[in-house]
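Peer 1: coordinates only, sequence not included:
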């Protein structure tokens, strides 16, 4: 249901079901993902609660005794205990995000400790009914509102606070006022518990929706990148306006690769084996192009077309195309049974081309159009199987880095201006 070490899991019906009492996700992996995602904000809220709570106890310890005409010792003991725990121990324990379970456990412990300190300060005095109950209410609501624990944790804290209040009231028989304050305390704690539950439910709903959107994004992105070259896909994601029809003229290097002998091979071979061979051949060719930063813009039956220096600019685009051509042939030769299968012939040409989106508003492709592309296609048709040939313009850009064999100025179909053709033998050592 979410990203794991083995990859994203598929979402099935009811993937986000929750326990109606605790709101925990039924799927344990999704619950762990939620707790991991909420650890950092939960820890932050805990830190804030304890730092603010420590400050409040300092104020209470300073102003309480003179205002209430009480001995200062109980206040100072409570202040020292709470400030020491809440301002030093807890921040030390939470320097890094901790699990939600530990966040809630820590919040419950300190809220309980604060309640006991309130009883220690007011429980045996006449001020409990007027001050102690209000202090217990404030303490519980403060812990629940700031830490925002799970609803069942908030309910536990509320019950604990009510029990402590009831014990003191029963022990000291504090009369009708105490009963009225007990009703107020129950109302406040019930409201805080329900509020915590609704907040947790909203937080879990947001997490589930975000998770669903992320899963949908992963699926679309995966499909998007399966039908587009990575550079084209990323360029469209970064700037959606690039999907508009049209383009710009840029100097590029075009690589055509075609399987010589594919037609007779497909005539004598079952269709499933033909498809398997094509997938294996393109499985060797495409990574070779991608490794050099090229963009595969088109598959045409048993051929592919790739462009370098678009949409991402590359100063050494011609050399990249040459390296890709050599790597393509090497990877193709390593395929099992390659000797009996059609082999790629590769043509490379460099020069200006119109690069952009060609087609209709409903469906279009990223292409490179122009004489540079046409000549690359003709060079590929001229190339012997298993070889890489290039035109003069490409050679002019890479002559210091490659080893070649001159093939003269052959007649290329549809080309009226002759051009020197070179077979790429290898790369020169730097």
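Peer 2: Right, received. Where do you want to start? Note that the structure is predicted; figures quoted are calculated from it, not measured.

Peer 1: Just the mean pLDDT for the helix or strand encompassing residue 306, thanks.
Peer 2: Residue 306 is part of strand 303-308 when elements are defined by DSSP states H and E. The pLDDT scores in strand 303-308 average 93.

Peer 1: So which bits of the following helix or strand past that strand are buried?
Peer 2: Where DSSP H and E defines the elements, the next helix or strand beyond strand 303-308 is helix 317-333. The neighbour-count check on helix 317-333 (16 or more other CB atoms under 10 Å) flags 317-329, 331-332 as buried. C-beta here means a position set from N, CA and C on the backbone, and glycine is covered the same way.

Peer 1: And those, which is closest to residue 150?
Peer 2: Proximity of these to residue 150 (CB to CB) peaks at residue 331, which lies at 54.7 Å.

Peer 1: who's in contact with that closest one?
Peer 2: 284, 285, 287, 288 (CB atoms under 8 Å, 6 or more residues apart in numbering).

Peer 1: let's see it at 6 Å
Peer 2: Residue 331 makes contacts with 284, 288, as judged by CB atoms under 6 Å, 6 or more residues apart in numbering.

Peer 1: Distance-wise, check it relative to residue 303.
Peer 2: 17 Å (CB to CB, to the nearest Å).

Peer 1: Looking at the buried residues of helix 317-333, spot the one nearest residue 410.
Peer 2: Nearest member of the buried residues of helix 317-333 to residue 410, counting by CB to CB, is residue 325, at 18.5 Å.

Peer 1: The closest one and residue 373, how far apart?
Peer 2: In terms of CB to CB, residue 325 sits 16 Å off from residue 373.

Peer 1: Same check on residue 353?
Peer 2: 6 Å.

Peer 1: rewinding a little: tell me the angle of the strand holding residue 306 relative to helix 317-333?
Peer 2: 150 degrees (axes from the mean of the first three to the mean of the last three CA atoms, to 10 degrees).

Peer 1: all strands of the stretch 251-400 of the chain, in order?
Peer 2: Here the stretch 251-400 of the chain has its strands, by DSSP state E, counting those that start in this stretch, at 295-300, 303-308, 343-359, 364-369, 388-391.

Peer 1: tell me how far the second one is from the chain's mean position?
Peer 2: So that's strand 303-308. In terms of CA atoms, centre = their mean, to the nearest Å, the centre of strand 303-308 is set 31 Å apart from its chain centre.

Peer 1: counting contacts, what elements does that strand pack onto?
Peer 2: strand 246-260, strand 295-300, helix 317-333 (3 or more CB pairs under 6 Å, 6 or more residues apart in numbering; DSSP states H and E).

Peer 1: so for the second one, what's the average pLDDT?
Peer 2: By that I understand strand 295-300. Strand 295-300 comes out at a mean pLDDT of 87.

Peer 1: Now it: buried residues?
Peer 2: So strand 295-300, judged by 16+ other CB under 10 Å, has buried residues 295, 296, 297.

Peer 1: quick one: the last one and residue 366 touch, right?
Peer 2: To tie it back to what came earlier, the one meant is residue 297. Yes - counting by CB atoms under 6 Å, residue 297 touches residue 366, with 5.3 Å between them.

Peer 1: now the helices: where do they sit in this protein?
Peer 2: Ranges of helices in the chain, per DSSP state H, are 28-68, 72-84, 90-93, 100-122, 133-147, 151-172, 175-227, 230-238, 262-268, 271-291, 317-333, 371-382, 392-398.
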